[in-house]
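> missing the sequence, but the structure's below:
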């Protein structure tokens, strides 16, 4: 994976370049003029960045040429704790997070629990003068990777150039039943009815054209573990297309068949690759397939 170098003010961080392969903690103890206990506290307090990405893993493997930024202030070491949101990457312009299932991407009606509110609270506590701007959404019960802009200008670049900027976006799902084909493509038109249920049509129904590629990773007689790659990003696209194939996503109350093996919607956004909206650098992020999904195929 490639990440941009840190964009925090120079005065807040000490910037160092790695010359030899070494686990992070060992390297810090060798190269930073601080006590062992202070270095460990800075590491645990999210005060270390490697190539712009906050790292708290003591055995993270460093390689020559990597850039390490060591926080000099407690302000950078605000421990971020949320059962619903995990920060994967952050710089001056954007933040990439992994969302748990059960939380909205942004506020809707009277709902207070949403990712934007969690991030805005984090920015306030860490004294960052910014707010989270929603660029794309995941359904409440879908987990996985999302990117939020930290200013309106970046949000506009991402929103207006989304399909040019994002060059790979994939999901993994547990689908009901044993899929017949190893891979394939589903393409049709998707449109919402008055009850906000999305339905598909093989011919143009005035909706939006949607294309989904799929690849089966594993299967049993009861379930299939499937990777979906979106060519278009329509509302409920994967959920409708998997139901069209006769193998709906498990745990889907809207388009499913009642098959609910782990009591959640079995859909996870595991890969997100895009060109940085400001620097143009390729940014590639991935998360593991949820353990509960994998257990169904042991």
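Here it is on my side, so go on. Keep in mind that this is a model prediction, so the values were computed, not measured.

> got any ranges where this protein has weak pLDDT?
1-11, 73-79, 109-111 (pLDDT under 70).

> hey, where'd the helices end up in it?
24-31, 36-44, 115-125, 152-160, 162-165, 237-244, 291-295 (DSSP state H).

> so which of the ones you listed is nearest residue 253?
helix 237-244 (10.3 Å; CB to CB). C-beta: built from backbone N, CA, C; applies to glycine.

> got a list of contacts for that closest one?
139, 171, 173, 175, 186, 188, 190, 198-200, 210, 212, 214, 226, 228, 230, 248-249, 252, 254-256, 267 (CB atoms under 8 Å, 6 or more residues apart in numbering).

> same question for stretch 57-68.
Residues from elsewhere that reach stretch 57-68, judged by CB under 8 Å, 6+ apart: 5-6, 15-25, 27-28, 40, 43, 48-52.

> taking these one by one, which sit in strands?
15, 16, 17, 22, 23, 48, 49, 50 (DSSP state E).

> my read: the last one touches residue 28, true?
It stands for residue 50. No: with contact taken as CB atoms under 8 Å, residue 50 and residue 28 are classed as non-touching, separated by 10.7 Å.

> just the ones of the contacts of helix 237-244 in strands?
Using DSSP E, these in strands are 171, 173, 175, 186, 188, 190, 198-200, 210, 212, 214, 226, 228, 230, 267.

> which one of those residues is nearest residue 280?
Out of these, the member with the shortest distance to residue 280 (by CB to CB) is residue 230, at 22.4 Å.

> partner residues bridging the closest one?
Residue 230 forms beta bridges with residue 212, as assigned by DSSP bridges.

> how many other residues sit next to it?
Applying other CB atoms under 10 Å, we find 19 residues neighbouring residue 230.

> quick one: it from residue 30, how far?
Separation of residue 230 from residue 30 (CB to CB, to the nearest Å): 45 Å.

> again with residue 288
Counting by CB to CB, the gap from residue 288 to residue 30 is 31 Å.

> swap in residue 82?
33 Å.

> swap in residue 253?
Taking CB to CB, one finds residue 253 at 54 Å from residue 30.

> and the ones in strands among the contacts of stretch 57-68, which of them are buried?
Neighbour counting with 16 or more other CB atoms under 10 Å marks 22, 48, 49, 50 as buried within the ones in strands among the contacts of stretch 57-68.

> ok, the second one - contacts?
Taking CB under 8 Å, 6+ apart as the criterion, residue 48 is in contact with 24, 28, 42, 54, 55, 56, 68, 69, 70, 71.

> in the sheet, who's paired with the nearest residue to the fifth one once chain neighbours are set aside?
Closest residue to residue 55 apart from its sequence neighbours, by CB to CB, 6 or more residues apart in numbering: residue 48 at 5.6 Å. When bridges are assigned using DSSP bridges, the partners listed for residue 48 are residue 70.

> follow-up on the earlier one: for the ones in strands among the contacts of helix 237-244, which one is nearest residue 115?
Of all those, residue 267 has the smallest distance to residue 115: 16.4 Å, by CB to CB.

> how about the contacts made by the closest one?
Contacts of residue 267 by CB under 8 Å, 6+ apart are 139, 141, 142, 143, 171, 172, 173, 238, 239, 249, 252.

> got these as CSV, with neighbour count columns?
Formatted as CSV, the contacts of residue 267 follow (neighbours: other CB atoms under 10 Å):
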residue, neighbour count
139, 18
141, 20
142, 24
143, 24
171, 24
172, 23
173, 29
238, 27
239, 22
249, 29
252, 27
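
> list the contacts of the residue nearest the centre of the chain.
The centroid of the chain falls nearest to residue 145 when counting by CA atoms, centre = their mean (1.0 Å). For residue 145, the contacting residues are 88, 96, 97, 98, 99, 269, 270, 271, 272, 285, 286, 287, by CB under 8 Å, 6+ apart.

> any of those buried? List them.
Counted by 16+ other CB under 10 Å, the contacts of residue 145 give 88, 96, 97, 98, 99, 269, 270, 271, 272, 285, 287 as buried.
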